[in-house]
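Q: this is a predicted model, with the sequence first.
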Amino acid sequence: MRFVHFSDIHLESGFDGVPARAFLNKRFVGWANLALRRRRHYQGATERLEALESFAREIGVDVALCTGDHTALGTEPELAQARAALGPFERLPRGLVTIPGNHDVYLEDALARFEAHFGDLLRSDRPELATDGRWPLVRLFGDDVATVAVDSSRPNPSILSSSGRVPDAQLEGLERALEALADRFVFVMTHYAPRLASGRPDSVSHGLDNADDFLRATARARRGAIIHGHVHHCFVVRVPETSLPIFNAGSTTLTGREGLWVYDVDGTRATATRGRFVEGRWTLDEDSRVDI
Ligand SMILES: [Fe+2]
Ligand SMILES: [Fe+2]
């Protein structure tokens, strides 16, 4: 079964209809950053995502996995646009699994909006394994593969912080789910990076508060991979704290740093191959293929 993992698409095409009061907070700083700098780096993001959907069909992808940050500031038009842009991925043979990133739940007011637009995607095939509302979300793919997603994103009203945390109850659920699914290859999905490419934790202001606890919860998994985004560089790293390799798709639509992973998994073997965006086309970098 073939999976494509993309992340941090950060779609945004203006804020028509968003009331001014929605910007009387940290969102104003985020908006200024967009207007002055960020928007330039994400020009063509929608086209790159559309090209990815065609590429996914061309190379026979069964399932799309997205690890959050669909938007820039979690406003109504952005969430509506992002949800519509994901539609074609839902129609892949076995559909789409996605989770929120911190930009999707940028401030408290975005939580209900994310739920309204993306709630139908946040479903679990094993709801009895949930320990914190609907989380962790479990999806089963055939007899050999599953995804277990935990939510590490939260609103961050301070302009100095964009850190995340997996609630303790979800870590318990994650351990339990990994035990229950021990006969499958499991993708553990979350938005935040438990480690950087160097193997070291991310900074206090940008990282996952309880990265060590999260890694501990996955330490005994038999077969699988941790997959995430948030840090806008595509990489894979192995660390002694967990048996699972850690794959970051980076930001799939960021000009010059476009990243994604394609995973091929069957009952006995799993590999990961990096995708690159070269001269306006997605391509698989066969030389990058690694065994998982
Ligand atoms: Fe991001
Ligand atoms: Fe993020």
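A: That came through fine. Residues are numbered from 1 along each chain as shown. Ligands and ions are numbered 1, 2, ... in the order given.

Q: for the closest residue to ligand 2 within the chain, give its distance to ligand 1.
A: Residue of the chain nearest ligand 2, by C-beta to the ion: His230 (3.8 Å). C-beta here means a position set from N, CA and C on the backbone, and glycine is covered the same way. Distance check for His230 against ligand 1: by C-beta to the ion, to the nearest Å, it reads 5 Å.

Q: ditto for Arg40
A: Distance of Arg40 to ligand 1, computed by C-beta to the ion: 16 Å.

Q: okay, that residue: pLDDT?
A: Each residue has a pLDDT score; the one for Arg40 is 90.

Q: for Val204, give its distance to Asn210.
A: 12 Å (C-beta to C-beta, to the nearest Å).

Q: tell me which of those two has more neighbours.
A: Asn210 (19 against 9; other C-beta atoms under 10 Å).

Q: what's the neighbour count on the residue lying closest to the more buried one once chain neighbours are set aside?
A: Leaving out its chain neighbours, the residue that sits closest to Asn210 by C-beta to C-beta, 6 or more residues apart in numbering is Arg165, at 5.5 Å. Neighbours of Arg165 under the rule other C-beta under 10 Å: 19.

Q: who's in contact with Arg165?
A: 152, 154, 208-210 (C-beta atoms under 8 Å, 6 or more residues apart in numbering).

Q: in which helix or strand would I find Arg113?
A: Per DSSP states H and E, Arg113 falls inside helix 108-118.

Q: how far is the helix or strand bottoming out on mean pLDDT in the chain from where the chain is centred?
A: Scoring the helices and strands of the chain by mean pLDDT, DSSP states H and E places helix 26-33 at the bottom, with a mean of 88. What separates the centre of helix 26-33 from the centre of its chain is 23 Å, taken as C-alpha atoms, centre = their mean, to the nearest Å.

Q: now that helix and helix 108-118, what's the angle there?
A: Following axes from the mean of the first three to the mean of the last three C-alpha atoms, to 10 degrees, one obtains 70 degrees for the angle between helix 26-33 and helix 108-118.

Q: got the buried residues for helix 26-33?
A: 26-27, 30-31 (16 or more other C-beta atoms under 10 Å).

Q: could you dump those to CSV with distance to Asp285?
A: Listed next are those as CSV, based on distance: C-beta to C-beta, whole Å:
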residue, distance to Asp285
Lys26, 37
Arg27, 37
Gly30, 33
Trp31, 35
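
Q: distance of the residue nearest to Asn210 from Leu92?
A: The value you get for Arg165 to Leu92, if C-beta to C-beta is used, is 31 Å.

Q: do Ala45 as well
A: Distance from Ala45 to Leu92, by C-beta to C-beta: 20 Å.

Q: so for these two, which residue has more residues nearby?
A: Counted by other C-beta under 10 Å, Ala45 and Leu92 do not tie: Ala45 has more neighbours, with 24 against 19.

Q: show me the contacts for the nearest residue to that one once chain neighbours are set aside.
A: If the residues on either side of it in the chain are set aside, Ala45 comes closest to Thr253, at 3.7 Å by C-beta to C-beta, 6+ apart. Contacts for Thr253 (C-beta under 8 Å, 6+ apart) come out as 8-11, 42, 44-45, 48-49.
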